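1. Next input, structure requested:
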Amino acid sequence: MLSIAATLLTAGAATAQETSPAGGGVSFDLDVVAKQLDIARSQIQPSLGATVYDFGRQAIETQPQGDNQSVNQLLLQAPGVAQDSFGQLHVRGDHANLQFRINGVQLPEGINVFGQSLQTRLANSVALITGALPAQYGLRTAGVIDIQTKTGTLNPGGSVTMYGGSQSTIYPSAEWGGRVGQIDYYATGEYLQNARGIENPAPTFNAIHDSSQQPKGFAYVSGIIDPTSRLTAILGASRGQFQIPQVGGQTPALGLTVNGVSDFASAALNENQRQINNFGILAWQKHVGDFDFQVAGYSRYSSAYFSPGNPVGDLLFNGIAQTAYRESWASGVQGDGSWRVSPEHTMRSGFLIQRERSPFSTTSNVLPVDENGVQTTDQPISIFDSNSKTGWLYSYYLQDEFKIVPSVTINFGARYDQFAEFVSERQLSPRVNVVWQPAETTTLTAGYSRYFVPPPFELVANTTVSLFANTTAAPAITEDSVAKAERDHYFDVGITQIIMPGLKAGIDAYYRIASNLLDEGQFGAPILLTPFNYQKGLGKGVELSLSYDIDNWSFYGNFAAAQILGKNITSSQFNFSPDDLAYIAGHYIHTDHDQTYTSSAGIKYKFPTWNTRVAVDLTAGSGLRTASTVPNGASLPGYQQVNLSIVQPIETGIYKGLEARFDIINLLDQVYQIRTGQGLGVFAPQFGPRRAFLAGLTQRF
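-> Take a look at the predicted model:
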């Protein structure tokens, strides 16, 4: 298949010759070349056969909150995406296991529990890629969030925004982009301050002790070397300071005494957590004849620090007051290339090598107990535990795309992944996708992918469980096997149909068989997740989507049904009770993040006379799992959240004009619970946001 990129690049070279100035030298149209190279980059890593849900720039801007929403909030409008506490997302019933890519470069995971290190406003487009993924996508496979950034060429000029409202929200931001000669640049920065940094553990309007400060920055610089190559640098930084919210009116129930104190007001607890995520990318893209490739070096620093604030209170409520620090440095190189063998035949290959260093340390205040678990003194003792580890990841893939007849394309290949971290494992994973387009309006896909998912290295800490023997923090189970890689067989079939101009429908079904199914849980006051394995896992689901765009109207609706089950916990066993472990050893149970039904919908209209944009969106679900007579045996009640947005451009005659925005979050003020604080790996309750009013002004330049 002759790539569009190749055709355009050839045209670009011709344009350069046609615009050669008299007297020698070669000039070329930078706008044309930049767009050609963008297209060529997308052809190196196509998502052929996978399920793709796109958010273009216009779709992002017309969502409630627009660029002021988090990336996670945007993705909740895609099919099969369920919300969880701390801003977590579950795609197709998986826990985390998401891969972020910026302009084709895979970002290493950070120690992210809440807050987002990436800003929505930096994206020119965001795509969620799921299903039977082709061979270039590995390691994190529940979903690929593919972000194509804004550039100075595509988005010249800038803006300044002041946004805020309920929950003491103050949210200024700015962005600017342009081009100087052959150098393209874009930068954005924002600062979010509010009184609802984390989900409220109570159903009240205002949480107790929940302030946050979240500055973020992003920069893109790209230099076009010639009509066939460019060098790009990308930098991102974020820092989040969060108060951990409390529930008032509670008293300690463990019957402990600390330094003569046996009672403590829960509202006076003062837990805090700081999170830092910084990354950098340097990428070189080149087109040579029928070859396109991109080679990128990247580095990411991530850290999290939790402080109990008032150790006495944490000890009385939890039996442990822990100061925890976790850090991760990851650096690597990624290369991807394609070779157009013929108009019907394209081969692709690529590699990734990554080194990661992950130290951690904890200082735990606990109370001594006797062999019956009875406190022996009210004087706390301090236990220090620390360790560090260096891990390596190696990946290589090769795949072949072949159009066997004009309406049928097969993409088959394999990838090899190996890691050496707390354990060493490897796997060769075959992939095959078939795309059949019997008519211009109909596309059918079918695929099989073998997956290999290493445990998140930055979250695996080789804790010394024996240090806590004969203390109030001693676990009932002392077994602590190391988390292993998950291995999946994944099957996916789907069809999309253009019913009429502007009206598009789709249905997609999948089935998954897992060994060493990975899950994560919060097992203590520090909001740091710990991975663990189920020996066996089964997942299945179906997704339906409908969209309609015509004139000034736009509508979309998505519905998904899913189930994910696990059996027999085989790692990090000390975090669970003996009864739970015994039951799960012989029974499949729902994972704690399993939500049977998930749906989203939205409707948008632009009044042509005043250019006023009105948008309403809906997210709904049947509820995550909670404890009952068996682990995760019940579901929380279903919920719905409706958001409203009104955006009005204002012609001021100053630069590109002013834009006013008014948003209402949870328009109907429905009180719904995301978590009860019960269930495997669930430490505290969380509620969805109460009704909030937010408004902003944006001046464009």
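
2. So, low pLDDT: which residues of the stretch 551-700 of the chain?
-> 679-683 (pLDDT under 70).

3. mind redoing it with 90?
-> In the predicted model of the stretch 551-700 of the chain, residues 551, 572-575, 609-610, 627-629, 651-657, 675-685 satisfy pLDDT under 90.

4. can you pull out the helices in it?
-> With helices called from DSSP state H, counting those that start in this stretch, the stretch 551-700 of the chain shows them at 578-586.

5. before we move on, what about the chain?
-> Assigned by DSSP state H, the helices in the chain fall at 4-18, 30-44, 57-62, 71-75, 311-318, 578-586.

6. hang on, isn't Ile404 packed against Val434?
-> No: between Ile404 and Val434 no contact is recorded; they are 9.4 Å apart, counting by C-beta atoms under 8 Å. C-beta here means a position set from N, CA and C on the backbone, and glycine is covered the same way.

7. Of those two, which one has the most company?
-> Between Ile404 and Val434, counted using other C-beta atoms under 10 Å, Val434 has the larger neighbour count: 19 against 11.

8. That one pairs with what?
-> Following DSSP bridges, Val434 is listed with bridge partners Ile410, Ala446.

9. surely it meets Ile410?
-> Yes: in this structure Val434 lies within contact range of Ile410 using C-beta under 8 Å: 5.4 Å.

10. what about Ser222, distance to Arg487?
-> From Ser222 across to Arg487, the span is 39 Å (C-beta to C-beta, to the nearest Å).

11. Who has more neighbours out of these two?
-> Counting neighbours by other C-beta under 10 Å for Ser222 and for Arg487 shows that Ser222 has the greater number, 24 against 17.

12. so what's that one up against?
-> The contact partners of Ser222, taken as C-beta atoms under 8 Å, 6 or more residues apart in numbering, are Ala34, Thr151, Ile183, Asp184, Tyr185, Arg230, Leu231, Thr232, Ala233.

13. make it 6 Å
-> By C-beta atoms under 6 Å, 6 or more residues apart in numbering, Ser222 lies in contact with Asp184, Arg230, Thr232.

14. For the spatially closest residue to Gly623 that is not a sequence neighbour, grab phi and psi.
-> Taking C-beta to C-beta, 6 or more residues apart in numbering, and ignoring the residues beside it in sequence, Gly623 has Leu636 as its nearest neighbour in space, at 3.3 Å. Backbone torsions for Leu636, taken as degrees, to the nearest 10, come to phi -70, psi 160.

15. Give the burial count for Leu636, as a bare number.
-> Neighbour count for Leu636, taken as other C-beta under 10 Å: 18.

16. so what's it up against?
-> Residues near Leu636 by C-beta under 6 Å, 6+ apart: Gly623, Leu624, Thr626, Gln673.

17. so can I have TSV of the residues you listed showing neighbour count?
-> Output for those, formatted as TSV (neighbours: other C-beta atoms under 10 Å):
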residue	neighbour count
Gly623	20
Leu624	27
Thr626	20
Gln673	20
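
18. now, which of those sits nearest Tyr191?
-> Relative to Tyr191, the closest of the contacts of Leu636 is Gln673; by C-beta to C-beta it sits at 30.5 Å.

19. Poorly predicted segments of the stretch 201-350 of the chain, please.
-> Judged against pLDDT under 90, the low-scoring parts of the stretch 201-350 of the chain cover residues 226-227, 246-254, 265-269, 288-289, 309-310, 313, 317-318.

20. mind redoing it with 50?
-> Within the stretch 201-350 of the chain, the set of residues satisfying pLDDT under 50 is empty.

21. which residues of it fall in strands?
-> With strands called from DSSP state E, counting those that start in this stretch, the stretch 201-350 of the chain shows them at 212-226, 229-243, 272-288, 291-307, 321-342, 345-366.

22. Next, format the ones you listed as CSV and append distance to Gly447.
-> CSV is the format used below for the strands of the stretch 201-350 of the chain (distance: least, C-beta to C-beta, whole Å):
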stretch, distance to Gly447
strand 212-226, 33
strand 229-243, 31
strand 272-288, 28
strand 291-307, 24
strand 321-342, 19
strand 345-366, 16
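
23. And the ones you listed: which comes nearest Ala692?
-> Counting by C-beta to C-beta, Ala692 lies closest to strand 212-226 out of the strands of the stretch 201-350 of the chain; the figure is 14.6 Å.

24. tell me the angle of the closest one relative to strand 229-243?
-> 180 degrees (axes from the mean of the first three to the mean of the last three C-alpha atoms, to 10 degrees).

25. Neighbours of Ala469, how many?
-> By other C-beta under 10 Å, 11 other residues sit near Ala469.

26. I'd like the distance between it and Ala476.
-> Taking C-beta to C-beta as the measure, Ala469 falls 12 Å from Ala476.

27. what do you get for Ala414?
-> Distance from Ala414 to Ala476, counting by C-beta to C-beta: 44 Å.

28. Gln678 now?
-> Counting by C-beta to C-beta, the gap from Gln678 to Ala476 is 17 Å.

29. same question, Thr596
-> Plainly put, Thr596 is 31 Å away from Ala476 if you go by C-beta to C-beta.

30. Who has more neighbours out of those two?
-> Neighbour totals were compared for Thr596 and Ala476, and Thr596 leads with 19 against 11 (other C-beta under 10 Å).

31. residue contacts, the more buried one?
-> Going by C-beta under 6 Å, 6+ apart, the list of residues near Thr596 reads Ser622.

32. Looking at strand pairing, list the partners for Gly223.
-> Ile183, Leu231.

33. Give me the neighbour count for it.
-> In terms of burial, Gly223 registers 14 neighbours under the definition other C-beta under 10 Å.

34. contacting residues for it?
-> Counting by C-beta under 6 Å, 6+ apart, the residues that Gly223 touches are Gln182, Ile183, Leu231.

35. isn't the last one right next to Lys286, touching?
-> Looking back up the chat, that one is Leu231. No: using C-beta atoms under 6 Å, Leu231 is not in contact with Lys286, being 9.9 Å away.

36. Tell me which of those two has more neighbours.
-> Under the neighbour definition other C-beta under 10 Å, Leu231 and Lys286 were set side by side, and Lys286 has more, 18 against 15.

37. could you measure Pro454 against Leu89, distance?
-> Between Pro454 and Leu89 the distance, using C-beta to C-beta, works out to 20 Å.

38. Oops, could you answer that again for Leu139 instead?
-> 17 Å.

39. Tell me how many other residues crowd the residue nearest to Ile513 when sequence neighbours are not counted.
-> Sequence neighbours aside, His489 is the residue nearest to Ile513 in space, at 4.5 Å (criterion: C-beta to C-beta, 6+ apart). Residues near His489, counting by other C-beta under 10 Å, number 13.

40. Also Thr478?
-> Summarising burial for Thr478: neighbours were counted as other C-beta under 10 Å, giving 12.

41. Surely it touches Leu467?
-> No: taking contacts as C-beta under 6 Å, Thr478 lies outside contact range of Leu467: 11.1 Å.

42. Identify the contacts common to the two.
-> Here Thr478 and Leu467 have no joint contacts, going by C-beta under 6 Å, 6+ apart.

43. Report the contact partners of Thr530.
-> With C-beta under 6 Å, 6+ apart as the criterion, the residues that contact Thr530 are Gly521, Phe523, Ser572.
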